[in-house]
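Q: Have a look at this fold, sequence not included:
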């Protein structure tokens with residue numbers, strides 16, 4: 001915000017030097033980005049944070065500067081003579097939506113003469129970047145910059161029915177704003193209307209048909225409060241950000257509309273003549289209840305880390321016009337109506353520190369740190385990340401919404417989609433994701449479109465859906481999408497689970513699942529529970545995304561991984577003796593699954609068997625149709641002696657005989 005130093009000097013006693021004023025404001029949390037010379041005046045470009053709407057005015061900055069420089073503040077004194085005729089006898093105000101407009105006031109001035117503004121007003125307006133228009137309009141802008149209350153002046157004679165109705169715009173209504181553009185309106189935009197039509201957009205901009213012009217003689221002066229979110233939505237929907245909307249979006253002091261309206265009436269009488277009707281027409285109310293807070297001296301010491309004398313703390317708050325009083329070990333404070341940002345005890349601590357100076361708080365040269373071991377869950381997640389990154393996967397963070405075309409894929413059985421966005425905000429793709437896989441597939445598609453084939457991703461995140469009882473089920477999950485090689489993805493999953501806990505057996509149980517190709521998917525069993533599923537992406541899903549391949553993917557529940565992870569290293573001595581390997585190729589019926597072979601080997605308890613690994617599956621001549629050859633490598637090793645080939649033949653033959661008896665297998669020679 002641009003602040004004229006000449007204007008500031010009206011409210012702060014003593015001479016003001018631009019550099020000193022800028023330094024004081026910076027120390028108090030209002031940094032000055034630049035200082036410009038405008039004629040004989042200096043203009044400070046002050047950065048105001050969004051919670052300090054009271055500083056979007058000359059008066060607000062002057063209050064701060066007076067407190068920071070410890071100088072007396074000169075309050076603004078104003079008033080205006082009124083006629084015996086009351087404003088409420090010639091006009092009325094009606095508010096149809098008090099949530100969007102809690103208070104609206106209207107003053108009426110008659111027999112004004114429109115003309116140029118006095119030089120002192122034009123000079124001050126131009127210093128803060130506002131172009132002069134005419135005396136009445138300039139007064140509304142002047143008071144807005146001076147007090148922080150946006151105002152609007154209507155040509156009273158152009159208002160149908162001579163009254164104001166504040167309501168939501170109706171579908172199909174339009175207004176030509178004072179910049180000459182026609183604006184389409186729709187609910188829930190808040191419109192200022194007369195008896196027939198919208199004449200202004202609340203808190204944003206006035207209408208062209210009712211603006212004050214050269215022939216205006218009677219003026220209705222608007223001063224009101226509006227809901228900040230409503231103003232923000234309207235201004236952004238119509239791309240009509242203005243000085244007025246900027247202030248309304250940051251909240252207006254509840255008691256300000258009435259006072260600012262009277263100040264504007266005074267200036268209009270001084271610059272345009274005429275007469276002011278008594279009182280005002282209004283609806284709603286200020287609704288401002290006095291706010292009091294307590295500041296404990298012990299709390300002040302604990303937060304700032306230094307001892308501040310009670311009288312110093314009281315003095316700092318008094319300089320900010322907080323009306324403090326010391327009562328024992330605490331300071332009771334009345335919060336001024338314009339300090340909407342002060343609501344809790346910690347806010348008072350900040351105010352004391354700002355005024356007394358942050359430089360009084362010592363900086364310790366040493367900071368003691370106590371290192372704590374990561375929580376087991378955090379360690380597990382990091383272990384998962386490091387394992388997958390080491391396997392060549394990149395971690396992704398995808399949207400929590402799922403595209404409409406994929407919303408039904410990969411969702412748990414009996415789960416229904418969960419929508420948590422209003423249609424006005426997000427019309428398409430508004431459902432929360434029931435699975436992480438669709439987002440990763442979108443990432444794969446994007447990489448393919450820019451020439452990066454074979455991208456592999458994983459993600460750890462939350463999924464959402466309605467369960468069968470209508471409640472909300474939110475779960476943290478791990479998902480990964482690899483290349484089209486299902487064996488690779490299965491190997492990554494098995495390696496991950498083995499690293500987390502090598503004592504729990506891993507099994508892949510064939511089972512179809514939504515989103516995966518039939519016959520190429522299965523549940524992942526870890527120990528005695530199912531922790532997820534993996535498979536090749538369904539061709540229909542790949543077609544929806546225009547994927548060039550059918551990647552393999554897996555999704556696991558994070559909770560059992562965290563619960564069963566083993567963080568105590570498990571070690572065993574390495575054998576000093578070599579292993580003996582035997583490849584066994586079995587001819588089996590096509591319906592026999594590798595899982596059955598794996599289970600059979602486990603049930604035989606073969607002596608000195610170290611591992612059994614799948615090698616390959618062969619189909620074709622000279623094998624009969626509906627048969628296949630599955631090759632398994634059996635590795636034997638003794639912890640106490642070197643095994644010979646003859647010593648393991650008995651175990652190998654036991655496996656072959658059991659496969660012949662239980663699986664109908666024959667040995668391929």
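A: Received, thanks. Treat the numbers as computed from the prediction; the structure is a model and nothing was measured. Numbers count the residues shown, from 1 in each chain.
Q: Do you have the helices of the stretch 201-350 of the chain handy? List them.
A: Per DSSP state H, counting those that start in this stretch, the stretch 201-350 of the chain carries helices over the ranges 228-237, 243-248, 256-272, 297-304, 310-319, 345-356.
Q: Just list the residues touching residue 523, thanks.
A: Neighbouring residues of residue 523 by C-beta atoms under 8 Å, 6 or more residues apart in numbering: 508, 509, 511, 513, 530, 532, 533. For the C-beta atoms, the positions are set from N, CA and C on the backbone; glycine is no exception.
Q: If we use 10 Å, what do you get?
A: 507-513, 530-535 (C-beta atoms under 10 Å, 6 or more residues apart in numbering).
Q: mind putting those in JSON lines, neighbour count included?
A: Putting the contacts of residue 523 into JSON lines (neighbours: other C-beta atoms under 10 Å) gives the following:
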{"residue": "507", "neighbour count": "16"}
{"residue": "508", "neighbour count": "21"}
{"residue": "509", "neighbour count": "12"}
{"residue": "510", "neighbour count": "13"}
{"residue": "511", "neighbour count": "12"}
{"residue": "512", "neighbour count": "15"}
{"residue": "513", "neighbour count": "21"}
{"residue": "530", "neighbour count": "16"}
{"residue": "531", "neighbour count": "22"}
{"residue": "532", "neighbour count": "22"}
{"residue": "533", "neighbour count": "22"}
{"residue": "534", "neighbour count": "25"}
{"residue": "535", "neighbour count": "27"}
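Q: that older thread, what's the closest of the helices of the stretch 201-350 of the chain to residue 134?
A: Closest approach to residue 134 among the helices of the stretch 201-350 of the chain (C-beta to C-beta): helix 256-272, 8.4 Å.
Q: In a markdown table: the helices of the stretch 201-350 of the chain, plus mean pLDDT and distance to residue 159.
A: Written out in a markdown table, the entries for the helices of the stretch 201-350 of the chain read as follows (pLDDT from 0 to 100; distance: least, C-beta to C-beta, whole Å):
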| stretch | mean pLDDT | distance to residue 159 |
| --- | --- | --- |
| helix 228-237 | 93 | 21 |
| helix 243-248 | 94 | 19 |
| helix 256-272 | 96 | 17 |
| helix 297-304 | 92 | 54 |
| helix 310-319 | 94 | 45 |
| helix 345-356 | 94 | 43 |
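Q: Kindly reformat those helices as CSV containing mean neighbour count and distance to residue 595.
A: What follows is the helices of the stretch 201-350 of the chain, written out as CSV (neighbours: other C-beta atoms under 10 Å; distance: least, C-beta to C-beta, whole Å):
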stretch, mean neighbour count, distance to residue 595
helix 228-237, 18, 58
helix 243-248, 22, 66
helix 256-272, 22, 76
helix 297-304, 15, 63
helix 310-319, 18, 75
helix 345-356, 19, 61
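Q: circling back to that earlier point, what is the most widely separated pair among the contacts of residue 523?
A: Greatest spacing in the contacts of residue 523, by C-beta to C-beta: 512 and 531 (17.8 Å).
Q: ok, which stretches of the stretch 551-669 of the chain are helices?
A: Under the criterion DSSP H, counting those that start in this stretch, helices of the stretch 551-669 of the chain are mapped to 558-564, 594-604, 645-663.
Q: Pull the distance from the second one to the chain's centre.
A: The chain centre lies 52 Å from the centre of helix 594-604; the measure is C-alpha atoms, centre = their mean, to the nearest Å.
Q: what's the domain layout of this structure?
A: For the chain, whose domains are defined here by automatic domain parsing, the residue ranges read 2-69, 82-284, 291-358, 376-564, 580-667.
Q: what's the least confident stretch among those?
A: Lowest mean pLDDT of the domains of the chain: domain 376-564, a mean of 88.
Q: the strands in the stretch 401-550 of the chain, which residues?
A: In the stretch 401-550 of the chain, the segments counted as strands under DSSP state E, counting those that start in this stretch are 401-402, 418-419, 431-432, 457-466, 472-481, 506-510, 516-526, 529-537.
Q: Can you list the strands that the third one pairs with?
A: For strand 431-432, sheet partners with direction are given as strand 401-402 (antiparallel), strand 418-419 (antiparallel), following DSSP bridges.
Q: Deepest-packed of the strands of the stretch 401-550 of the chain, please.
A: Mean neighbour counts were compared across the strands of the stretch 401-550 of the chain using mean count of other C-beta atoms under 10 Å; the top stretch is strand 401-402, at a mean of 24.
Q: so residue 48 is in which element?
A: Taking DSSP states H and E as the definition, one finds residue 48 inside no helix or strand.
Q: Tell me, how many residues neighbour it?
A: 20 (other C-beta atoms under 10 Å).
Q: any idea how far residue 259 is from the nearest residue to it once chain neighbours are set aside?
A: Here the nearest residue to residue 48 in space, its sequence neighbours aside, is residue 55; by C-beta to C-beta, 6 or more residues apart in numbering that works out to 4.8 Å. Shown here: residue 55 relative to residue 259, a distance of 17 Å by C-beta to C-beta, to the nearest Å.
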